[in-house]
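Engineer: Fold the following for me, if possible:
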Amino acid sequence: TELGRTAPPAEPSAAGRALNRVMVLERDRGDTPVPRHRKAAPTATAVMRAKAALRAHGVQAVDPAFGGDVDLVLVLGGDGTILRASEIARQRDVPLVGVNTGHVGFLAEADPDAVEGVVADLVDGRYTVETRMTIDVEVTAPDGAVTHDWALNEAALEKRDRARMLEVAIGVDGQAVSSFGCDGLVMATPTGSTAYAYSGGGLVPLVAHALFTRPLVLGPNSCLEVVIQHAGLGDAEVWCDGRRSLDAPAGSRIRVRRADRPVRLARLNDAPFATRLVRKFDLPVEGWRTPIDDSGDSDDSGDPGDTA
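Structural biologist: Just a heads-up that it's a prediction; the model follows:
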């Protein structure tokens, strides 16, 4: 289930907005290891180069433990590291920019060999800022206790009892929509929906035991509700961005809606979403034909009515 499919607005160029202090955050032991076959500069080396480049431009580089004000968060790692950095950037209401030293790095703007260029662009204000929607996650337990969290990518409902299914009923804006058994449910934002739909073959409910259960796309002002009817022997839990969890025993009601505070991503280029998708996932594009020009000519000399 995806909430809020809208095009994220971009703020005007940041030219003229001086950077005085940048927080540098790198992947840690808790982040997913980089596969051996991936050819990339070690994170530690990229961090050293980034800090040296910032100092060369007269910008102070600080660590995540720094308690003062910062102008931007520079992240060196994969998407998991960027999600960790989003917690800091969202709290401080500053943009973040990622340099990929991890796996796919779909949220990152550049690879490690471009670190010095990234710093130069940031210092010179050659970037825009995208506002990415986040979701507020509320779990009301059967005893009335209420817990909250938020997510940039997704809130994932997971079962603890691996031998049994979850039985859930879902509704939108107070209206019942469907009920089914499943192994889990992914409630994603526009930021997180692409990776999950891609890896799950479009089936966002996880192994749903229902013939017509398919992804559901909601508007940004809708409220998604999930009632856990049965959760086996071990109850369930909701994981936010794979980092923070909320207990969700049987009988709980989960409400997911647009959060008030977004995450701001600094963008160094204006490449369209499709370009990023092809590059990051190495999608095959052989056979693509350019559009027909105004004269009606095209590279395709075949009869438009012909079929293979």
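Engineer: could you pull out the helices for the stretch 51-200 of the chain?
Structural biologist: 79-92, 115-123, 190-199 (DSSP state H, counting those that start in this stretch).
Engineer: In the longest one, which residues are buried?
Structural biologist: The reference is to helix 79-92. Residues of helix 79-92 classed as buried: Asp79, Gly80, Thr81, Ile82, Leu83, Arg84, Ala85, Ser86, Glu87, Ile88, Ala89, Arg90 (neighbour count, 16 or more other CB atoms under 10 Å). For every residue, glycine as well, the C-beta is placed using N, CA and C.
Engineer: Neighbours of Phe183, how many?
Structural biologist: Not quite, residue 183 is Asp, not Phe. Here the count is done by other CB atoms under 10 Å, and Asp183 has 16 residues near it.
Engineer: Touching, it and Met165? I think so.
Structural biologist: Yes - assessed by CB atoms under 8 Å, Asp183 is found in contact with Met165 at 6.4 Å.
Engineer: Which neighbours do the two have in common?
Structural biologist: Lys159 (CB atoms under 8 Å, 6 or more residues apart in numbering).
Engineer: re earlier: tell me which of the helices of the stretch 51-200 of the chain approaches Val59 most closely.
Structural biologist: Of all the helices of the stretch 51-200 of the chain, helix 115-123 sits nearest to Val59, with 6.3 Å by CB to CB.
Engineer: before we move on, the earlier item: just so I know, which of the helices of the stretch 51-200 of the chain lies nearest Asp235?
Structural biologist: Asp235 lies closest, by CB to CB, to one member of these: helix 190-199, at 23.2 Å.
Engineer: can you count the residues close to the residue nearest to Thr131 when sequence neighbours are not counted?
Structural biologist: Setting aside the residues directly before and after it, Thr131 is nearest to Pro262 in space (CB to CB, 6 or more residues apart in numbering), at 4.8 Å. For Pro262, the count of nearby residues is 18 (other CB under 10 Å).
Engineer: from what I can see Pro262 touches Val129, true?
Structural biologist: No - checked against CB under 8 Å, the pair Pro262 and Val129 is beyond contact range at 10.3 Å.
Engineer: CA atoms only: put the helix or strand hosting Ala50 into PDB for me.
Structural biologist: In the assignment (DSSP states H and E), Ala50 maps to helix 43-56. The C-alpha trace of helix 43-56 is given here as PDB (Å, rounded to 0.1, in the frame of the first residue of the first chain):
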ATOM      1  CA  THR A  43      33.800   4.400   3.100                       C
ATOM      2  CA  ALA A  44      36.500   5.500   5.500                       C
ATOM      3  CA  THR A  45      38.600   6.800   2.500                       C
ATOM      4  CA  ALA A  46      35.600   8.700   1.100                       C
ATOM      5  CA  VAL A  47      34.900  10.300   4.500                       C
ATOM      6  CA  MET A  48      38.500  11.500   4.800                       C
ATOM      7  CA  ARG A  49      38.300  13.000   1.300                       C
ATOM      8  CA  ALA A  50      35.000  14.700   2.000                       C
ATOM      9  CA  LYS A  51      36.200  16.200   5.200                       C
ATOM     10  CA  ALA A  52      39.400  17.400   3.500                       C
ATOM     11  CA  ALA A  53      37.400  19.000   0.700                       C
ATOM     12  CA  LEU A  54      35.100  20.800   3.200                       C
ATOM     13  CA  ARG A  55      38.100  22.200   5.100                       C
ATOM     14  CA  ALA A  56      39.600  23.300   1.800                       C
END
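Engineer: next one: that helix to chain centre, how far?
Structural biologist: 25 Å (CA atoms, centre = their mean, to the nearest Å).
Engineer: now stretch 77-94
Structural biologist: Centroid separation for stretch 77-94 versus its chain: 11 Å, with CA atoms, centre = their mean.
Engineer: Please give me every residue in contact with the spatially closest residue to Arg55 that is not a sequence neighbour.
Structural biologist: Among residues not flanking Arg55 along the chain, Ala61 sits closest, at 6.7 Å (CB to CB, 6+ apart). By CB under 8 Å, 6+ apart, the contact list for Ala61 reads Val22, Met23, Val24, Ala50, Lys51, Leu54, Arg55.
Engineer: same deal with Val47?
Structural biologist: Counted by CB under 8 Å, 6+ apart, Val47 has contacts Val24, Glu26, Leu76.
Engineer: Highest neighbour count among those residues?
Structural biologist: Neighbour tally across those (other CB under 10 Å): the maximum, 28 neighbours, falls on Leu76.
Engineer: Look up the residues forming beta bridges with it.
Structural biologist: Glu26, Val99 (DSSP bridges).
Engineer: How about Ile170?
Structural biologist: Taking DSSP bridges as the rule, Ile170 bridges to Ser178, Val226.
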